[in-house]
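In: what follows is a predicted structure for the sequence shown.
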Amino acid sequence: MMKVNRQFTAVVVCGVLMIALLGCATAPAESPDMDLTNQAFAALSKGEYEKAEALLEVALSINPENPYALLNLGVVYQQTGRIEQARDMYVKIVLLNPPDTADESNVPGARGKKIVDIAKENLEHI
């Protein structure tokens, strides 16, 4: 986990499901959708999946192509047993093929990985 500051706010989300599942990503929070994504991370990190899901849905209503929100929502779905919905989120990321990377992670080896690569790895585990 990381501390949030006002100059560079980041969201770090890690899903762990049976095997280590990579679902970590960070990004600056310079927009309303990223602010919501950061709030969702706080909820997700406390296991508050319903709250995280609601925040991520609002974030995606603002920016349907926010790769961090898509990844985090995929993790929420996967953690709550909604595998097909998780798969849909990960596939959206793969199709969008964003250049975004995970700048921070608390999963060894995820730091610096592209969001699309994390989504592909998550797809392999479901």
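Out: All right, it came through fine.
In: just to be sure, residue 119 is in a helix?
Out: Yes. Residue 119 forms part of a helix when assessed by DSSP: H, G, I helix; E, B strand; the rest coil.
In: mind pulling up the pLDDT for it?
Out: Reading off the per-residue confidence, residue 119 sits at a pLDDT of 94.
In: so it makes contact with residue 93?
Out: Yes. A contact is recorded between residue 119 and residue 93 when judged using Cβ atoms under 8 Å, the distance being 3.9 Å. For every residue, glycine as well, the C-beta is placed using N, CA and C.
In: overlap of the contact sets of the two?
Out: Each of 70-71, 74 lies in contact with both residue 119 and residue 93 under the rule Cβ atoms under 8 Å, 6 or more residues apart in numbering.
In: looking at those residues, which gets the smallest pLDDT?
Out: For those, the least confident position by pLDDT is residue 71, scoring 92.
In: and the helix or strand containing that residue, how far from the chain's centre?
Out: Assigning secondary structure by DSSP states H and E places residue 71 in helix 67-79. Its chain's C-alpha centre lies 5 Å from the corresponding centre of helix 67-79 when counted by Cα atoms, centre = their mean, to the nearest Å.
In: what about the strands in the protein?
Out: Under the criterion DSSP state E, the chain contains strands at 16-17, 19-20.
In: what's the least confident stretch among these?
Out: Among the strands of the chain, strand 19-20 carries the lowest mean pLDDT, a mean of 32.
In: please name the nearest non-neighbouring residue to residue 73.
Out: Ranked by Cβ to Cβ, 6 or more residues apart in numbering and with sequence neighbours excluded, the top spatial neighbour of residue 73 is residue 56, at 4.3 Å.
In: quick one: that neighbour and residue 68, what's the gap?
Out: Relative to residue 68, residue 56 is positioned 9 Å away (criterion: Cβ to Cβ, to the nearest Å).
In: cool, residue 93 as well?
Out: In this structure, residue 93 and residue 68 are separated by 10 Å, where distance is defined by Cβ to Cβ.
In: re the thing from before, any chance of JSON lines for the shared contacts of residue 119 and residue 93, columns neighbour count and distance to residue 50?
Out: Output for the shared contacts of residue 119 and residue 93, formatted as JSON lines (neighbours: other Cβ atoms under 10 Å; distance: Cβ to Cβ, whole Å):
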{"residue": "70", "neighbour count": "27", "distance to residue 50": "18"}
{"residue": "71", "neighbour count": "31", "distance to residue 50": "18"}
{"residue": "74", "neighbour count": "30", "distance to residue 50": "16"}
